[in-house]
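Visitor: Next comes the sequence, and after it the predicted model I'd like to discuss.
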There are 2 protein chains.
Amino acid sequence: MSYVAPIKDMLFDIEYLANIGQVARIPGFEDAGLETAQAVLEECAKLCEGVVAPLNVPGDLNPSSWKDGVVTTTPGFKDAFRQYAEGGWQGLQHPVDFGGQGLPKSIGAACIEMLNSANLSFALCPLLTDGAIEALLTAGSDELKATYLEKLVTGEWTGTMNLTEPQAGSDLALVRTKAEPQPDGSYKVFGTKIFITYGEHDMVDNIVHLVLARVAGAPEGVKGISLFVVPKVLVNKDGSLGKRNDVHCVSIEHKMGIKASPTAVLQFGDHGGAVGYLVGEENRGLEYMFIMMNAARYAVGVQGIAVADRAYQKAVAYAKDRVQSRPVDGSVKGSATIIHHPDVRRMLMTMRAYVEGCRAMALTGAAAYDAAHAHPDAQVRADNAAFYEFLVPLIKGYSTEMSLEVTSLGVQVHGGMGFIEETGAAQYYRDAKILTIYEGTTAIQANDLVGRKTTRDGGASARAIAAQIEKTESELNANGSDNAKAVAARLAAARKAFLDVVDFMANAARTAPNDVYAGSVPYLMLAGNLVAGWQLGRALLVAQELVAKGEDVMFMNAKVATARFYADHILVKTTSLRDSIVDGASTVMALPQEAF
Amino acid sequence: MSYVAPIKDMLFDIEYLANIGQVARIPGFEDAGLETAQAVLEECAKLCEGVVAPLNVPGDLNPSSWKDGVVTTTPGFKDAFRQYAEGGWQGLQHPVDFGGQGLPKSIGAACIEMLNSANLSFALCPLLTDGAIEALLTAGSDELKATYLEKLVTGEWTGTMNLTEPQAGSDLALVRTKAEPQPDGSYKVFGTKIFITYGEHDMVDNIVHLVLARVAGAPEGVKGISLFVVPKVLVNKDGSLGKRNDVHCVSIEHKMGIKASPTAVLQFGDHGGAVGYLVGEENRGLEYMFIMMNAARYAVGVQGIAVADRAYQKAVAYAKDRVQSRPVDGSVKGSATIIHHPDVRRMLMTMRAYVEGCRAMALTGAAAYDAAHAHPDAQVRADNAAFYEFLVPLIKGYSTEMSLEVTSLGVQVHGGMGFIEETGAAQYYRDAKILTIYEGTTAIQANDLVGRKTTRDGGASARAIAAQIEKTESELNANGSDNAKAVAARLAAARKAFLDVVDFMANAARTAPNDVYAGSVPYLMLAGNLVAGWQLGRALLVAQELVAKGEDVMFMNAKVATARFYADHILVKTTSLRDSIVDGASTVMALPQEAF
């Protein structure tokens, strides 16, 4: 099997870190306890391991192709998507009213990880569809919901997000696509969108494009952007498919990775205008778009964890199989499998610790999302919302940046074989590189972290998290084991580094914006590192307790060893980051532009 | 122009850090002063920029191909190689007696960087040929020298290094290729070699393979390996080409990068035995092979610098051209080129500082090589040899590891466009990944650093370098400028971290080999970081002095700003590495193999 879903580790996080027991006390999630989680994860694993994972290499070798406006996906994708839809997986976290299963994100996020580990390119289609569903749920009229939602939730149709234009990448103020109001209340949409994931494909009969455009006379900049539904095929009153809409795929990109995922250039309105329907109110498109983006950003963070885990699994398998050189400690006479060698172990442990740390962070964040959206108590909702909002840029930014390091180590463990495409390790390395870019580059995540999440409230949310971390440190110190105390010490140093940076950011935000934003990405890396390390600290406490009870001792000891490794080899980086951010801010822009 | 050779920066390093004036006082290098350096670099730049660089993208799109044992290189490569050979570039550093130009490495290394920036795939052919020349110069008989050397030095033929076999990657003890002595003094060679760079191609008429094999009855392990010359085409007594030898290319690899460089599987002796000639003495092959390897390791380090610089140049050009978003400091109303944004600046400065730091380290190392090989004073030779030997794993390991980060940042600066192959940034990212693997992975370099270069002499060489660094710190502090003092402080912290690690390695080498080797790669990264940062500290002192004299003020100020940035944002990482190595050693192998 090329991929084995890490169900045990996921359930550990869901049970002890995301506290699924508490999630299941929220009205609406009563059935979503640990048993449900286990059953769902096991079922999902079957599909991901058996159907989707085997299509990963074929997707790389035989990517989606374009001919005369038609995109043909990799053989097998269409059938796999049918199985995915029929299994109800697209609707896992969506409302029962629209055909979904209404499960919490605490469970859904683990399924998303599996699907992405199995096949990053395949999983992008559901990922974007989720975003479209979120936007319609939040801002769509009853008519739009009635027409489109159930079809999307059941996977009969898929969705896309149309933001980027050639002149407007991360800067949506520059969007030029036009929408002209029509007498019947619809709009005609004209423009070009690029980088549209699954903007055209052959897996389903209709594609629901969510498109940012400007209504004539709208204000300039981001305040004049509206959101439209533009279906590939128009939908008749009775729900049946009607005429082809005036939106066409004129090409797809030739990319370094995720080759099976068609990245389309879409042309709207070249033949009289694409029919579009306003979502919500005019000029509030950016706000709705952020709903899609936030869901997608979280999911892309999970993609980072997913591809890193797959790279880790492959590297472990190779390290246990490949025989090369004598161990330095003389434990084996003659050549041994390379997992005996300390540096191979260091690489594998680094990969493992990153994956487990980021997974723990993502699932903890998912539980906060569930409470923020569905908890009956308003204060609990608000606290969890603040926590989740703080975590989203970390989950997206840190987990994807770490996936570059992990997939690179994955190639490295394979030595020369890693560079040969047939081995498969190189694909993860090529695929992962998009993750730090799309749905907002790491710098965009870092801007969000610095601006909306840290300096806007003067650092209050950040300090609230630090206070929680300090509590975990106390628990670790109270526990008193060598491992617990060592992790507590590293956590304390990292937390203090974090607080220094938060103070620096909060103080300098107005007076020295260049200094603050020069440190934005290092701050994101520091904060992500700390929060992931914190979750592993929590995990260590649980695991030690269960070891003492004799429960699943090997797994729990491994969790302790991984948490300790993370603290000593990854968390330890935070203090240097602090120095760079706080002491080195002014040197980032010291070199004048002309000197480059 | 897609590549502009950084002649000015190279000459700065050659003049002030490599001290070409001193090199030119060594007998044999009398003509190799600064003027010669400048003339050679300018001439080399013309070839690299005008002829070789334009073939880089074509090589990726239309790689070398194999059919019926024949390898056809990318169109244009053969002609470019002819120009390279006719220009005398292959012989730049080789003896005048064999048709070379006899220039020092202090100049040659800069030319090698240019060639590799222009085209990593193309440059590999000369790189391997250099290795073959070194081996023959050191250990070849007069007859072998007479037959092969001048042809190699003039670029009429090319050379290869045949080490790896399917079961023997980094572990040469496992080499199985056989050599059977023949009555005429030659040998018949039988076996399979893989990963042979330019093992077959159409650019020249003959290829001189240097092949590791075992003579029947030789001891097991590395002590039973001998080195042979196995020409692709046998050479008649009069020097003309004779019969085709029994060595055949049965396939080439499908790789993630450096696609234009054919990576051959070579089959020796399938039709009666490949004729081979012993180099030096039987069973001393490993020793000779290290001569080739050491030259090649240094050169691969330069490849890291080269591809990083090309990625940097491309990123700078894009950042100065791409308009996106308003600057956070309000310095421009409306959208500006992205080089205005602090995080883009941070990325560009990181790339620049790595490149300049590693270039300074490599050229300083080159001067030590020149002195170690040609200086009349034995003590000077020995001191320089120790210094150079210590630097080789750093130049190879650190410069190539940094090239992964730099080429990744290069893609990142381009945003979504970076992931599209047509942009070109992705090629550098894919190409660079082989550099941390071939000619010994980073872990192999780190083993060399820990074993032969650090613990063998109880850390003496390492401490001697630290003492030199301390001297530079004193000079920086005496200089007294804010930048000089800040760099001195970072250097001091990094040096102390280095010394802690050296002590740890020296003390634990026998008692706790796993702990020592668990930290070997982090130690290499710490040491490389420190030595590169030290060279930039030296550069800062020179640059400040020249600024004071009004010489080339913008360039010199840029050097100061780059050195300061390196100290605050890169050198600062060394203290965390120290903690991981010394305090975190035991956690690397804490997880038992079964738990993976």
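Guide: Yes, it's here. Numbering: from 1, shown residues only, chains lettered A, B, ... in the order given.
Visitor: from here on, contacts and neighbour counts on C-alpha atoms
Guide: OK.
Visitor: OK, now which residue of the stretch 101-250 of chain A is nearest to chain B?
Guide: With C-alpha to the nearest C-alpha, the shortest gap between the stretch 101-250 of chain A and chain B falls at A:Asp171, namely 5.4 Å.
Visitor: In terms of residue numbering, what are the domains of chain A?
Guide: What automatic domain parsing lists as the domains of chain A is A:7-65+A:74-153, A:158-282, A:456-589.
Visitor: And the residue of the stretch 101-250 of chain A closest to chain B, what's its pLDDT?
Guide: Per-residue confidence at A:Asp171 stands at 79 (pLDDT).
Visitor: Number of residues surrounding A:Phe147?
Guide: To be clear, residue A:147 is Thr; Phe isn't right here. A count of nearby residues for A:Thr147, using other C-alpha atoms under 10 Å in any protein chain shown, gives 17.
Visitor: ok, back up a step: quick one: the residue of the stretch 101-250 of chain A closest to chain B and B:Cys249, what's the gap?
Guide: 52 Å (C-alpha to C-alpha, to the nearest Å).
Visitor: what's the answer for A:Met554, then?
Guide: 49 Å.
Visitor: cool, and A:Val23?
Guide: Taking C-alpha to C-alpha as the measure, A:Val23 falls 63 Å from B:Cys249.
Visitor: between A:Met554 and B:Cys249, which one's more packed in?
Guide: Looking at A:Met554 and B:Cys249 with other C-alpha under 10 Å, you find the greater number of neighbours at B:Cys249, namely 24 against 15.
Visitor: now the closest residue to that one other than its chain neighbours, what's its secondary structure?
Guide: Ranked by C-alpha to C-alpha, 6 or more residues apart in numbering or on different chains and with sequence neighbours excluded, the top spatial neighbour of B:Cys249 is B:Leu266, at 4.6 Å. Three-state call for B:Leu266 (DSSP: H, G, I helix; E, B strand; the rest coil): strand.
Visitor: ok, now the one 5 residues further on?
Guide: Secondary structure assignment for B:His271 (three-state DSSP): coil.
Visitor: is it true that it touches B:Asn245?
Guide: No - the pair B:His271 / B:Asn245 is not scored as a contact, 9.4 Å apart, by C-alpha atoms under 8 Å.
Visitor: which of those two has more neighbours?
Guide: Shown here are B:His271 and B:Asn245; by other C-alpha under 10 Å, B:Asn245 has more neighbours (19 against 12).
Visitor: which residues touch that one?
Guide: Applying C-alpha atoms under 8 Å, 6 or more residues apart in numbering or on different chains to B:Asn245 gives the contacts B:230-234, B:274-275.
Visitor: Chain A next: which of those residues are close?
Guide: Counting by C-alpha under 8 Å from any C-alpha of the partner chain, nothing from those sits close to chain A.
Visitor: will you turn the residues you listed into JSON lines that also has pLDDT and secondary structure?
Guide: As requested, these are exported to JSON lines (pLDDT from 0 to 100; DSSP: H, G, I helix; E, B strand; the rest coil):
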{"residue": "B:Val230", "pLDDT": "98", "secondary structure": "strand"}
{"residue": "B:Pro231", "pLDDT": "98", "secondary structure": "strand"}
{"residue": "B:Lys232", "pLDDT": "98", "secondary structure": "coil"}
{"residue": "B:Val233", "pLDDT": "98", "secondary structure": "strand"}
{"residue": "B:Leu234", "pLDDT": "98", "secondary structure": "strand"}
{"residue": "B:Ala274", "pLDDT": "98", "secondary structure": "strand"}
{"residue": "B:Val275", "pLDDT": "98", "secondary structure": "strand"}
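Visitor: Using PyMOL, define a selection of the buried residues within these.
Guide: Selecting only the buried entries of the contacts of B:Asn245 in PyMOL, with 16 or more other C-alpha atoms under 10 Å in any protein chain shown as the criterion:
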select buried, chain B and resi 230+231+232+233+234+274+275
